[in-house]
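Student: Got a predicted structure plus its sequence, pasted below:
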Amino acid sequence: MSSKEHREDKIVDLEKGDRWLDDYLPYQLYRVTNRLNVRLQGRMRALDINLSQWRILSVLHSSGTLSISGIVEQTLMEQPTVSRVVVQLEKDGMVERRVSSGDSRMIDITLTPKGAETFTSIRQSAYAHERIALEGLSDETLDLFRETLRRIESNIDIYD
């Protein structure tokens, strides 16, 4: 907990507000992520890709072949949404489904060369937007930030 006093016990001027979101980390993370995604959407739109499709292409490129449940776990998207998006990506030739070699009851999803090419063309823009957002931060600061985010996620997972 920071040394800043929580504002929940103070009387608030309802017309002026109490600016509580200025220090609320989940809201700050949401704003940063949303702003980066908005900047990236122009590049995605040019390739006829939406944010959900980008997330699935990204996870498959990062993790390799996954089941629908694996994609759900990695993207934090709802299963019906993942299934619908995978169907569209398959129609567009960016992923393919096949029976899992480990369990014939499971279906694996794999990027196709077209899906990998689409991902790669968007990734360059994603990296460019990341570089702009992180400009002026030292490698040490970024390493600490990434480690802090991993720790926060681990703390959240403990209570799930």
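Tutor: Now that the structure is in, tell me what you want to look at.

Student: going forward, measure contacts and count neighbours with C-alpha atoms only.
Tutor: Will do.

Student: can you pull out the strands in this protein?
Tutor: 66-67, 95-99, 107-111 (DSSP state E).

Student: Residue ranges in this protein under the pLDDT threshold?
Tutor: 1-9, 160 (pLDDT under 70).

Student: let's see 90
Tutor: Within the chain, the stretches with pLDDT under 90 are 1-19, 36-44, 46-47, 100-105, 125, 157-160.

Student: and the strands of the chain as TSV, adding mean neighbour count?
Tutor: Putting those into TSV (neighbours: other C-alpha atoms under 10 Å) gives the following:
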stretch	mean neighbour count
strand 66-67	18
strand 95-99	17
strand 107-111	21
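
Student: Could you export those strands as TSV, including distance to residue 123?
Tutor: Supplementary listing: the strands of the chain in TSV, determined by distance: least, C-alpha to C-alpha, whole Å:
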stretch	distance to residue 123
strand 66-67	20
strand 95-99	17
strand 107-111	15
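
Student: Out of those, flag the one nearest residue 29.
Tutor: Residue 29 lies closest, by C-alpha to C-alpha, to one member of those: strand 66-67, at 27.4 Å.

Student: Run me through the strand neighbours of the closest one, direction for each.
Tutor: Applying DSSP bridges to the sheet, strand 66-67 is found paired with strand 107-111 (antiparallel).

Student: now the partner strand, how far from the centre of its chain.
Tutor: 19 Å (C-alpha atoms, centre = their mean, to the nearest Å).
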